[in-house]
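> From the sequence below, what's the structure:
(2 chains)
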Amino acid sequence: MKSVFKQSLILLFGGFALVLGFWMANKHLAGDIKFVALEPLPQTIKVHEVDLQNQLGQKVNANFFEGRWSLLYFGFTSCPDLCPMELQQLARVYHQLNIREQQLLNLVFVTLDPERDTADKMKGYLAFFDPHFVGLRGSNRQIDSFAKNFSLYYQREYLADGTLIKVPAGFDMPQNAPIDYQVEHGSRIYLIGRQGEFMGSFPPPHSVDSILSDLRQLLKK
Amino acid sequence: MMRQINKTRAINAITRQWRLLAVACSAFIALSVNTVLAQTLDVEGAWVRLAPPGMSNYAAYMQLENRSHQLVTIVAVSADCCAMAMFHRNIKMDDMVNMEQISNLQLAPGANFILKPGEAHLMLMHSRKNLLEGDKVEIHFEFADGSAQSLVAPVLRQEPGPRD
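Numbers count the residues shown, from 1 in each chain, chains lettered A, B, ... in the order given. Next up, the predicted model:
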């Protein structure tokens, strides 16, 4: 009887510790911040599988995301509508921050189309929006591994003799694919914290004011 | 002799009047045709998004309105800057976005179609040169009834008007 009581007590205590731990984790994530647009994750996820290069051809690993907050957008430079609009919005967010806040933030664009988005192309493309943008690229496999941190779904597609060919994430484009293929992708803006942890995302449609409001609260922390 | 001169003057005067009438008729017909072309669709706020250097695709935005009493179908679209032009709309499923071509864009009487960033655009592909801010792009619509309409859209860095 005594043993059953002891076991129940241990179970009760264990359950309480679990709930407390979960609550503390959430508290750590959001603290007392009420977000306008950010959808915080219930628990942060350490970003891994970072084996990429920037637009200068320099290697980028997980250390890149430590010490600063990062806002990430995944897209492709041949996109004439959505990607330029999103990058313009991110640049406007950045321009409205003060210098101290800017120094705490990375603006990151990750290409989902490394065949067409060479380092040189990304360099000119990103400088157009803001020279502070860091462009990340790699092989299709490297990009896919990195994108999995955020559960980002994407694929490329094109028409061949009237048939829609879909090229899944992580696969190279066939040599005979036309140059005008499309990239279907998620359009969230992802937030990485100063310890390199994926914290949450801003779902579309994006508003500069809303992102700015949430970001300013986080940058104060 | 005098009678002959008067007769010649009279003939010249009549010829001049006919010429004037012909010119007036031509001008009237030309104006009428232009008016018809201009009224096929009301186009407002047309602009082309400036793209980073080296890019060969551009997006044009505008509001189209069919104020006529007939269905209007755009069967072909072209632009003087680019080898190809086509209407696209963004299809959103949850967070996913994919572009879909719109062939034969139809506007019912009184209907409008808004091309705006993130939703629908006229994609201008394979530009023959880098477009610069302030350049003008001539866009040409051809309709199912054989008529046509042209408009000019300026190249701008960002959407004109108030932003968030």
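
> In chain B, what residue comes closest to chain A?
Nearest residue of chain B to chain A, counting by Cβ to the nearest Cβ: B:Pro52, 3.5 Å away. Every residue, glycine included, has its C-beta placed from N, CA and C.

> what helix or strand is that residue on?
Using DSSP states H and E, B:Pro52 sits in no helix or strand.

> Let me know whether it touches A:Phe129 as I believe.
Yes - between B:Pro52 and A:Phe129 a contact is recorded at 7.5 Å, counting by Cβ atoms under 8 Å.

> what's the burial count for A:Phe35?
16 (other Cβ atoms under 10 Å in any protein chain shown).

> just A:Thr118 next, same as before
Considering only other Cβ under 10 Å, A:Thr118 is surrounded by 14 other residues.

> on that earlier part again, how about the residue of chain B closest to chain A, nearest residue that isn't a chain neighbour?
A:Phe128 (3.5 Å; Cβ to Cβ, 6 or more residues apart in numbering or on different chains).

> Who are the contact partners of the residue of chain B closest to chain A?
A:77, A:84, A:124-125, A:127-129 (Cβ atoms under 8 Å, 6 or more residues apart in numbering or on different chains).

> just A:Gly186 next, same as before
Contacts for A:Gly186 (Cβ under 8 Å, 6+ apart) come out as A:74, A:152-154, B:95-97.

> Restricted to buried residues, select those in PyMOL.
In PyMOL, a selection of the buried entries from these looks like this (16 or more other Cβ atoms under 10 Å in any protein chain shown):
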select buried, (chain A and resi 74+152+154) or (chain B and resi 96+97)
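
> which of the contacts of A:Gly186 has the weakest pLDDT?
pLDDT is lowest at B:Asp95 among these; the value there is 79.

> quick one: low-confidence parts of chain A?
Scanning chain A for pLDDT under 70 picks out A:1-6, A:8-31.

> Find the closest residue to chain B in it.
For chain A, Cβ to the nearest Cβ, closest residue to chain B: A:Phe128, 3.5 Å.

> Tell me the backbone dihedrals of that residue, please.
Main-chain torsions, A:Phe128, degrees, to the nearest 10: phi -60, psi -40.

> Would you confirm that it contacts B:Asn130?
No - the criterion here is Cβ under 8 Å, and A:Phe128 misses it with B:Asn130 at 11.4 Å.

> Please name the nearest non-neighbouring residue to the residue positioned nearest the centre of chain A.
Per Cα atoms, centre = their mean, the C-alpha nearest to the average position across chain A is that of A:Tyr190, at 3.5 Å. Computed as Cβ to Cβ, 6+ apart, the closest residue to A:Tyr190 that is not its neighbour in sequence is A:Leu72, at 4.3 Å.

> List the beta-bridge partners for that neighbour.
A:Val108, A:Tyr190 (DSSP bridges).

> That one contacts A:Ser187, doesn't it?
No - A:Leu72 lies out of contact with A:Ser187 (Cβ under 8 Å); the separation is 11.8 Å.

> which one of those two has more residues nearby?
A:Leu72 (26 against 23).

> how about that one, what does it touch?
A:Leu72 neighbours (Cβ under 8 Å, 6+ apart): A:108-110, A:150, A:189-192.

> Next: A:Phe35.
A:200, A:214, A:217.

> now do 7 Å
Shown in contact with A:Phe35 (Cβ atoms under 7 Å, 6 or more residues apart in numbering or on different chains): A:Asp214.

> What lies in contact with stretch A:51-62?
Applying Cβ under 7 Å, 6+ apart, the contact partners of stretch A:51-62 are A:47-48, A:50, A:119, A:122-123, A:126, A:134-138, A:142, A:146, A:196.

> Looking at those residues, which are in helices?
Among those, the residues falling in helices (DSSP state H) are A:119, A:122-123, A:126, A:142, A:146.

> Can I get the residues you listed in JSON lines including neighbour count?
Listed next are the ones in helices among the contacts of stretch A:51-62 as JSON lines, based on neighbours: other Cβ atoms under 10 Å in any protein chain shown:
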{"residue": "A:Ala119", "neighbour count": "16"}
{"residue": "A:Met122", "neighbour count": "25"}
{"residue": "A:Lys123", "neighbour count": "18"}
{"residue": "A:Leu126", "neighbour count": "23"}
{"residue": "A:Gln142", "neighbour count": "18"}
{"residue": "A:Phe146", "neighbour count": "23"}
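
> which one among those residues gets closest to B:Ala59?
A:Leu126 (18.3 Å; Cβ to Cβ).

> was I right about A:Val93 contacting A:Leu212?
Yes - in this structure A:Val93 lies within contact range of A:Leu212 using Cβ atoms under 7 Å: 5.4 Å.

> more crowded one of the two?
Comparing A:Val93 with A:Leu212 by other Cβ under 10 Å, the one with more neighbours is A:Val93, at 23 against 18.

> Quick one: name whatever helix or strand follows the helix or strand where that one lies.
Assigned by DSSP H and E, A:Val93 belongs to helix A:82-96. Later in the chain than helix A:82-96, the nearest helix or strand by DSSP H and E is helix A:99-102.

> buried residues in that following helix?
Neighbour-count burial for helix A:99-102, counted by 16+ other Cβ under 10 Å, picks out A:Glu101.

> Likewise for stretch B:46-61?
B:46-52, B:55-61.

> Now for those: which two are most distant?
B:Ala46 and B:Pro52 (21.3 Å).

> What parts of chain A come near chain B?
Proximity of chain A to chain B is confined to A:77-78, A:80-82, A:84-85, A:88, A:121, A:124-125, A:128, A:153, A:180, A:182, A:184-188, A:203-205, A:207-209 under the rule Cβ under 7 Å from any Cβ of the partner chain.

> and if we set it to 8 Å?
Residues of chain A found near chain B (Cβ under 8 Å from any Cβ of the partner chain) are A:77-82, A:84-85, A:88, A:121, A:124-125, A:127-129, A:153, A:180, A:182, A:184-188, A:203-205, A:207-209.
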